[in-house]
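*Asks:* I would like the atomic coordinates for the input below:
(one chain, ligands or ions: 3)
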Amino acid sequence: MALLIKNGTVVNDDLMIKADVLVLDGKIIMVEENLVVPENLSKDYQIYDATDRLVIPGGIDPHTHMQLPFMGEVAVDDFYAGTRAALAGGTTMIIDFVIPPKTSSLLEAYKQWRDWADPKVCCDYALSMAVTTWNEQISEEMKIVTEPSFGINSFKFFLAYKNVFMVTDEEFFQGLKRCAQIGALGRVHAENGSVIAEKQKELLEMGITGPEGHTQSRPEELEAEATNRACTLASQANCPLYVVHVMSKGAAKVIAEHRQNGAIVFGEPIAAGLGCDGTHYYSKDWMHAAAHILSPPLSRDPTTPSTLMDLLACGQLHLTATDNCTFTCSQKKLGLNDFTKIPNGVNGVEDRMSVVWEKGVHSGKIDPMKFVSITSTTAARIFNCYPRKGRIAVGSDADIVIWNPSATRTISAQTHHHANDFNIFEGMIVHGVPEITISRGKVVWEYGELNVEAGNGKFISLPPFCNYVFSAIPARARKMQPISVDRSNI
Ligand SMILES: NC(=O)NCCC(=O)O
Ligand SMILES: [Zn+2]
Ligand SMILES: [Zn+2]
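*Replies:* Residues are numbered from 1 along each chain as shown. Ligands and ions are numbered 1, 2, ... in the order given. Got it, this is the predicted structure:
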């Protein structure tokens, strides 16, 4: 069945035009003003009227953790609940992380994630992979998983979570050099995990066991320090770098400075950091405070969310994600007497598009094209699936959202589609509502109703050596060649 979306305004990252869109067999086949449906299709298509609506590429969330085993629990949004929530919010593709324990091979972990995800996903998905230790086998397997049948083109390194996922600087540097060789983007969780572990001990010894200890053990300076270290090591390894969940002004400033000095580095704020601040950690209500725990923490400076949006607007930060990693209130209670045991992670995948619209477009900081750029197109470009994803154009996948820019909704755990029982944006009234979500040509969300089945989503293989990320690397490698002085005549 074909779909005709009529009378809307098509928005890409570089244009806004009045046009109709025709979809057939999961692809966009025509984009034209006053589109006339070809004779052969004229009896069998469904019409959607998009008058006063925007027709935008489905959102791409490049950072999620569905059903992640973490801190003794498993994130409760699995690949089914999490991707349903994504579609309800106008996101049609996620990039999740394979995170191998230090003892596991990358191939084993990859298989595990595919086994979890493939039968459950409702929207398309791709994978990024964490490297949590270093040895010859890991180095070889990194190359293997960049082959098309595995489809990985980025690797993440944790500089936090000591003794769990954290790598040393040496391991990180080896990993970045390997990424550069095999054409993969380096990604980093930038916090100083060793100092955090010391501060956690100090705070617990002082009797500070509640969620306020979380933020106090992770001062923003430790995010900025690790961000600076990561950018420096990536530069030395001649590896493009992507900093996940930029939560503070200090970390954002470091990224801007490194870019001014010529570094290829991308910065990703997340919905939580754009919509909330860290005052929640001092709430008298333990559960409320604990439910906001993620790492790095929400900024204790209440002006940070609006500054992060300003930095997206002016191009010093580049795209938005969510780090969706949800735990129920009862799971969070694991850390009732010790904040270091509260599972880290919050929601976002359902509400990111509306939060970014509210804080960005509705507030007058960005236009709808920039909105498309930071919620979809830039992710597609960085992860090498553009223009198949991230664009309304002939030949692109029909991942489309009919967006009502003036409708409002109130975010609430009572109505969200996540599997957890708390929403960090509770009560926020947001303009910008995804009325219809189309995933590869199928209408999966229509005026508040989901119509999806587990397994509807497809795995998207991401090729290495993305031009958008890697084109300057060979010339830089030549410039960085070590100099050898010939003294044979002495
Ligand atoms: N961010 C967080 O607190 N949980 C998910 C794991 C991570 O990305 O660090
Ligand atoms: Zn992280
Ligand atoms: Zn994460």
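*Asks:* Number of residues surrounding the spatially closest residue to residue 341 that is not a sequence neighbour?
*Replies:* In space, and not counting its chain neighbours, residue 341 is closest to residue 335: 3.7 Å by Cβ to Cβ, 6 or more residues apart in numbering. C-beta: built from backbone N, CA, C; applies to glycine. Residue 335: 23 surrounding residues under other Cβ atoms under 10 Å.
*Asks:* Next: the one 10 residues further on.
*Replies:* Counted with other Cβ under 10 Å, the burial measure for residue 345 works out to 26 neighbours.
*Asks:* Next, the contact list for it, please.
*Replies:* 65, 68, 70, 75, 293-294, 323-327 (Cβ atoms under 8 Å, 6 or more residues apart in numbering).
*Asks:* and the residue nearest to residue 341, what is it in contact with?
*Replies:* 290, 341-343.
*Asks:* Please apply the same query to residue 64.
*Replies:* 82, 86, 94-97, 321-325, 349.
*Asks:* Of all residues in the stretch 1-150 of the chain, which one is closest to ligand 1?
*Replies:* Using Cβ to the nearest ligand atom, residue 65 is the residue of the stretch 1-150 of the chain that sits closest to ligand 1, at 5.2 Å.
*Asks:* ok so, going back, tell me how far the residue nearest to residue 341 lies from ligand 1.
*Replies:* Distance, residue 335 to ligand 1, using Cβ to the nearest ligand atom, to the nearest Å: 13 Å.
*Asks:* and if you look at residue 222?
*Replies:* Counting by Cβ to the nearest ligand atom, the gap from residue 222 to ligand 1 is 14 Å.
*Asks:* OK, contacts around that residue?
*Replies:* For residue 222, the contacting residues are 191-192, 195-196, by Cβ under 8 Å, 6+ apart.
*Asks:* Need the nearest residue in space to it, chain neighbours excluded.
*Replies:* residue 192 (4.2 Å).
*Asks:* Pull the contacting residues for that neighbour.
*Replies:* 159-160, 222, 225-226.
*Asks:* Dump those residues to CSV, plus secondary structure and pLDDT.
*Replies:* Formatted as CSV, these follow (DSSP: H, G, I helix; E, B strand; the rest coil; pLDDT from 0 to 100):
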residue, secondary structure, pLDDT
159, coil, 98
160, coil, 98
222, helix, 98
225, helix, 98
226, helix, 98
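*Asks:* Just flag the most distant two among the residues you listed.
*Replies:* For the contacts of residue 192, with distances taken as Cβ to Cβ, the pair at the greatest spread is 160 and 225 (11.6 Å).
*Asks:* Can you name the residue of the stretch 101-250 of the chain nearest to ligand 1?
*Replies:* In the stretch 101-250 of the chain, the residue that lies nearest ligand 1 is residue 189 (5.0 Å; Cβ to the nearest ligand atom).
*Asks:* I figured that residue hits residue 242, correct?
*Replies:* No: using Cβ atoms under 8 Å, residue 189 is not in contact with residue 242, being 10.8 Å away.
*Asks:* These two - which one has more neighbours?
*Replies:* Higher neighbour count among residue 189 and residue 242: residue 242, with 26 against 23, using other Cβ under 10 Å.
*Asks:* Let's see the ChimeraX selection covering just the buried ones among the contacts of residue 345.
*Replies:* Burial among the contacts of residue 345 is assessed by 16 or more other Cβ atoms under 10 Å; the matching ChimeraX selection reads:
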select :65,68,70,75,293,294,323,324,325,326,327
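*Asks:* Can you tell me which of the contacts of residue 345 end up in strands?
*Replies:* Assigned to strands by DSSP state E, the following of these qualify: residue 70.
*Asks:* Mind putting the contacts of residue 345 into TSV with pLDDT?
*Replies:* Shown next, in TSV, are the contacts of residue 345 (pLDDT from 0 to 100):
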residue	pLDDT
65	98
68	98
70	97
75	98
293	98
294	98
323	98
324	98
325	98
326	98
327	98
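*Asks:* if we take the contacts of residue 345, which one ends up nearest to residue 430?
*Replies:* Nearest to residue 430, judged by Cβ to Cβ, of the contacts of residue 345 is residue 324 at 17.1 Å.
*Asks:* Which residue does the stretch 301-450 of the chain have closest to ligand 1?
*Replies:* Here the stretch 301-450 of the chain gets closest to ligand 1 at one residue, residue 344, 3.2 Å apart by Cβ to the nearest ligand atom.
*Asks:* Give me the neighbour count for the closest residue to that residue other than its chain neighbours.
*Replies:* Counting by Cβ to Cβ, 6+ apart, residue 295 is the residue found nearest to residue 344 once chain neighbours are left out, at 4.8 Å. Residues within reach of residue 295, counting by other Cβ under 10 Å, total 22.
*Asks:* do you know how far residue 295 is from residue 190?
*Replies:* Residue 295 sits 11 Å away from residue 190, going by Cβ to Cβ, to the nearest Å.
*Asks:* got it, and residue 71?
*Replies:* Using Cβ to Cβ, one gets 19 Å for the distance from residue 71 to residue 190.
*Asks:* residue ranges of the helices in the stretch 251-400 of the chain, please?
*Replies:* 271-275, 286-291, 304-314, 329-332, 352-356, 368-372, 378-382 (DSSP state H, counting those that start in this stretch).
*Asks:* Please apply the same query to the stretch 1-150 of the chain.
*Replies:* Taking DSSP H, counting those that start in this stretch, the helices of the stretch 1-150 of the chain run over residues 79-88, 106-117, 136-144.
*Asks:* ranking these by burial, who's on top?
*Replies:* Neighbour counts (mean count of other Cβ atoms under 10 Å) averaged over each of the helices of the stretch 1-150 of the chain peak at helix 79-88, with a mean of 28.
*Asks:* Is any residue of it near ligand 1?
*Replies:* No: interface with ligand 1: helix 79-88 contributes nothing (Cβ under 6 Å from any ligand atom), its closest point being 12.9 Å away.
*Asks:* Residue 160 and residue 225: which has the busier surroundings?
*Replies:* For residue 160 versus residue 225, neighbours defined as other Cβ under 10 Å are more numerous around residue 160 (24 against 19).
*Asks:* and the more buried one, what is it in contact with?
*Replies:* 166, 189-193, 196, 226, 295-296.
*Asks:* Dump the residues you listed into CSV; add distance to residue 283 as well.
*Replies:* Converted to CSV, those look like this (distance: Cβ to Cβ, whole Å):
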residue, distance to residue 283
166, 29
189, 26
190, 27
191, 23
192, 26
193, 26
196, 22
226, 27
295, 18
296, 19
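*Asks:* among these, which are in helices?
*Replies:* When DSSP state H defines the helices, the subset of these inside them is 193, 196, 226.
*Asks:* What is the nearest of those to residue 130?
*Replies:* Comparing these against residue 130 with Cβ to Cβ places residue 193 closest, at 13.8 Å.
*Asks:* ok, that closest one - how many residues close by?
*Replies:* When counting by other Cβ under 10 Å, one arrives at 23 neighbours for residue 193.
*Asks:* So the residue of the stretch 301-450 of the chain closest to ligand 1 versus residue 475, what's the distance?
*Replies:* Remark: distance between residue 344 and residue 475 (Cβ to Cβ) = 40 Å.
*Asks:* Looking only at neighbour counts, state which of those two leads.
*Replies:* residue 344 (21 against 9).
*Asks:* isn't that one right up against residue 293?
*Replies:* Yes: assessed by Cβ under 8 Å, residue 344 is found in contact with residue 293 at 5.7 Å.
*Asks:* Might one say that residue 26 is in contact with residue 396?
*Replies:* No: taking Cβ under 8 Å as the definition, residue 26 is not a contact partner of residue 396, at 10.2 Å.
*Asks:* Could you tell me the per-residue confidence at residue 41?
*Replies:* The confidence metric pLDDT takes the value 82 at residue 41.
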